[in-house]
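Visitor: Please work out how this folds:
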Amino acid sequence: MTKDTFETITKDGRLLYEYVRGSHLYGLNNEDSDVDTSGLFIAKKESLLDLGIGYQDQVSDERNDTTWYEIGKFCNMLLKSNPTVLEALFVPESKIITPPSELIAPLFANRDQFITKECFKPFIAYAVEQIHKARGLNKKIVNPVTERLTPFDFAYTFYNQGSTKIKNWLNNRGLNKDFCGLVHIPNMHDTYGVYYDWGAHIHHNLIKYEDLEMAAFGANAFVLLFFGWFGYGQVDEDTKKFAKFIRQFYGINTKKQLKEWYDKNQEVIHYRGMCLENSTDMRGSSVSKGEKPLCWMVYNESGFKDHCKKYKEYKDWEKFRNPKRYESNIDKNYDSKNMMHCVRLMHMGQEIAEGRGINLERTWDKEFLMNIRNHKFEYDELMARVDADKVKLDEAIKNSTLRETIDVNAVNDILIEIRKKAYGML
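Guide: Just a heads-up that it's a prediction; the model follows:
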C-alpha cells in the first residue's frame, strides 16, 4: 500500500482541516519567521481494517514545518491535553487555511469539554521544555559536536593510578589498533585483554632487523660519523617508540635477545583489530593460549552512544536551523524565541486556570513577549520573571474551578461517529 502524502490526502478529499500554527498563529512572528501549518486528515478505510500495514498517524515535511495528524491520533492527543493539539480547536478564523469539515464539527462543538485541570501539567512541561531548548542553543554554539568519533575514542586503559585513552597509549608506543586482538574478560563489564600481532606490524611497516636494532640500541660512533650522511643510523620516531616498548615489555637487554625476538615474531596472526568505524561494538579475536596481553582495556559503550546521539542532534539542528534566527542568537546566552514561548505558555496556563479559556492571539502581553524575542532582556532577568509567573500559575491552579478530567467515552463516541460518517456506515 502506498504511503500517504499531503498530495494524496488532498486528492482523495481526506483533509479535514488545516490552519496556521506557531508564531504566526499567536501574532508573535517577525519578518524572518517561517510559516508553520498543521492539519487533520482521516485514514483510508482499508488501512484501519487490515493489519495496520498502511496506517499512518501523521504526515510531516522534512523540517516539520507542516504536520497533519490522522483523526485517531489527534483524539488520543486531545485526551492527554496536548497544548499543540488542543489549540487546534480554538484557532481564529483569520488563521484557518482549510475550514473544518462537517465530519469534525462535534469536536468543535464540544471543545470547551477539553479544557480541564489536566491541561496544567502539559502546559508547564512545555514551558520547561522551552527553557531547556533556550539554553540548548548556547550549548550547541559553545560546544559544537562537529566530529563523529568512533568506539576507539571511548576506550581506556590503566595508567599511573588513573586512566588514559587507549589510542594515546598505543600511539606513545608506536603501536596500531588494527593489529590488536581483543578478548573479553568474563564477569567484567566491557573489559578486554589487549593482544598484539607483532608479525603484522613488522611486515606492514617494512621493519628490517637492522632498523629495529638501531632504534633499540642506537648506531655506533663509526656508523654515525662516516655513514650518517647516506641515511645510516636514522630511523623514524614510531620505530623508536616501538623498539623501546618491546625492550621494556619483554625485558630485552642485548642485541642477541632482540634478534631472537625478531625472528620468532615474523608470523602474521591476523587479529581482527579493535573496532569498526560505524559500529558501537568492539571486535573480539581468537588468541592462542599463553599469549601475553599488552594491557587491559575498558570500553565506555554508553559514552559512545551518548556521543552519537548528541552528534546526530547537532547535525540535524545545523541542517534545519533558521539561519537568520541563528545569527540573532549567536552572541546571546539563550534562544529568544524559546524563552518567548516559555513565558507565553505560562500566561496561557494562568488564563486557562482562571476560566478565561484558550486565547491564542496574544494581546495584553504581546509587547512584552516581542521584547523577549528581540533580546531586550538578559537571561537571568527573564528567569526571575518566569519564576514569578510560576508562582502566579500555581496559585491560579490551586483555586481553579475547572472540571478534573476529560470524558474519555464521549471522545471515543465522537471518533466513532466521525469514522462511520466518513466511511458511509451511517
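Visitor: now the strands for the stretch 251-400 of the chain?
Guide: Per DSSP state E, counting those that start in this stretch, the stretch 251-400 of the chain carries strands over the ranges 295-299.
Visitor: Point out where it drops to low pLDDT.
Guide: Where the stretch 251-400 of the chain drops to pLDDT under 70, the residues are 277, 320-333.
Visitor: cool, the stretch 101-250 of the chain as well?
Guide: 131-143, 219-234.
Visitor: for it, what spans make up the strands?
Guide: Under DSSP E, counting those that start in this stretch, the stretch 101-250 of the chain gives strands at 155-159, 162-165, 180-184, 191-196.
Visitor: My guess is A215 contacts E237. True?
Guide: No. Using CB atoms under 8 Å, A215 is not in contact with E237; the gap is 9.4 Å. No exception for glycine: its C-beta is placed from N, CA and C like everyone else's.
Visitor: what about these two, which has more around it?
Guide: Between A215 and E237, A215 has the larger neighbour count (other CB atoms under 10 Å), namely 25 against 9.
Visitor: Just give the number of residues close to the residue nearest to that one when sequence neighbours are not counted.
Guide: Residue nearest to A215 in three dimensions, not counting chain neighbours: A243, with 3.8 Å by CB to CB, 6 or more residues apart in numbering. Neighbourhood size, A243 [other CB under 10 Å]: 22.
Visitor: Going forward, the N-terminal residue is numbered 57.
Guide: All set: I'll call the first residue 57, so the last point we hit is now A299.
Visitor: Run through the residues that contact A299.
Guide: By CB atoms under 8 Å, 6 or more residues apart in numbering, the contact list for A299 reads G230, L268, A271, A272.
Visitor: Mind doing that once more with 10 Å?
Guide: Shown in contact with A299 (CB atoms under 10 Å, 6 or more residues apart in numbering): G230, I263, D267, L268, E269, M270, A271, A272, F273, V291, I308, L314.
Visitor: so what's the fourth one closest to, chain neighbours aside?
Guide: What it means is L268. Leaving out its chain neighbours, the residue that sits closest to L268 by CB to CB, 6+ apart is A299, at 5.6 Å.
Visitor: what do you get for V141?
Guide: Of all residues not flanking V141 in the chain, M133 sits nearest, at 4.2 Å (CB to CB, 6+ apart).
Visitor: Count the residues that sit near the one you found.
Guide: Using other CB under 10 Å, M133 is surrounded by 19 other residues.
Visitor: Touching, it and L145? I think so.
Guide: No. With contact defined as CB atoms under 10 Å, M133 does not reach L145; the gap is 11.6 Å.
Visitor: if we can go back for a sec, shared neighbours of A271 and E293, anything?
Guide: Common contact partners of A271 and E293 (CB under 10 Å, 6+ apart): G230.
Visitor: Can you give me the distance of K348 to R339?
Guide: K348 is 20 Å from R339, where distance means CB to CB, to the nearest Å.
Visitor: now swap in G83 and tell me
Guide: Using CB to CB, G83 is found at 58 Å from R339.
Visitor: so what's the backbone phi/psi at the nearest residue to N85 once chain neighbours are set aside?
Guide: Nearest non-adjacent residue to N85, counting by CB to CB, 6+ apart: S79, 4.0 Å away. With angles defined as degrees, to the nearest 10, S79 sits at phi -60, psi -40.
Visitor: For S79, which residues are in contact?
Guide: N85, N86, S89, D90, V91, D92, K393, M396, H397, R400, L425, R429 are the contacts of S79 under CB under 10 Å, 6+ apart.
Visitor: Dump those into a markdown table; add distance to A452 and neighbour count as well.
Guide: Shown next, in a markdown table, are those (distance: CB to CB, whole Å; neighbours: other CB atoms under 10 Å):
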| residue | distance to A452 | neighbour count |
| --- | --- | --- |
| N85 | 28 | 18 |
| N86 | 30 | 13 |
| S89 | 30 | 16 |
| D90 | 33 | 12 |
| V91 | 32 | 13 |
| D92 | 29 | 17 |
| K393 | 25 | 24 |
| M396 | 21 | 24 |
| H397 | 19 | 25 |
| R400 | 16 | 23 |
| L425 | 19 | 20 |
| R429 | 25 | 22 |
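Visitor: Show only the entries of the residues you listed found in helices.
Guide: Mapping these onto helices (DSSP state H) picks out K393, M396, H397, R400, L425, R429.
Visitor: Return the distance of the second one relative to N85.
Guide: Using CB to CB, one gets 11 Å for the distance from M396 to N85.
Visitor: what sits in contact with each of those two?
Guide: Residues touching both M396 and N85 (CB under 10 Å, 6+ apart): S79, M426, R429.
Visitor: who's in contact with the second one?
Guide: Contact partners of M426, counting by CB under 10 Å, 6+ apart, are G83, L84, N85, N86, S392, M396, R418, K432.
Visitor: which residues sit in contact with the nearest residue to the fourth one once chain neighbours are set aside?
Guide: Which is N86. In space, N86 comes closest to R429 once its chain neighbours are excluded; the distance is 6.8 Å by CB to CB, 6+ apart. Residues near R429 by CB under 10 Å, 6+ apart: 79, 84-86, 89, 381, 384, 391-397.
Visitor: any chance of those residues in TSV, plus distance to T66?
Guide: Shown next, in TSV, are the contacts of R429 (distance: CB to CB, whole Å):
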residue	distance to T66
S79	25
L84	29
N85	25
N86	30
S89	25
R381	30
S384	35
D391	34
S392	35
K393	30
N394	32
M395	36
M396	33
H397	30
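Visitor: Can you tell me which of those residues is nearest V343?
Guide: For those, the minimum distance to V343 (CB to CB) is 52.1 Å, reached by D391.
Visitor: Am I right that the closest one is in contact with L438?
Guide: No. With contact defined as CB under 10 Å, D391 does not reach L438; the gap is 11.3 Å.
Visitor: who has more neighbours, these two?
Guide: Neighbours per residue, other CB under 10 Å: of D391 and L438, the larger number sits with D391, 25 against 20.
Visitor: and the more buried one, how far is that from H397?
Guide: For D391, the distance to H397 (CB to CB) stands at 10 Å.
Visitor: Same question for A183.
Guide: With distances taken as CB to CB, A183 is found 8 Å from H397.
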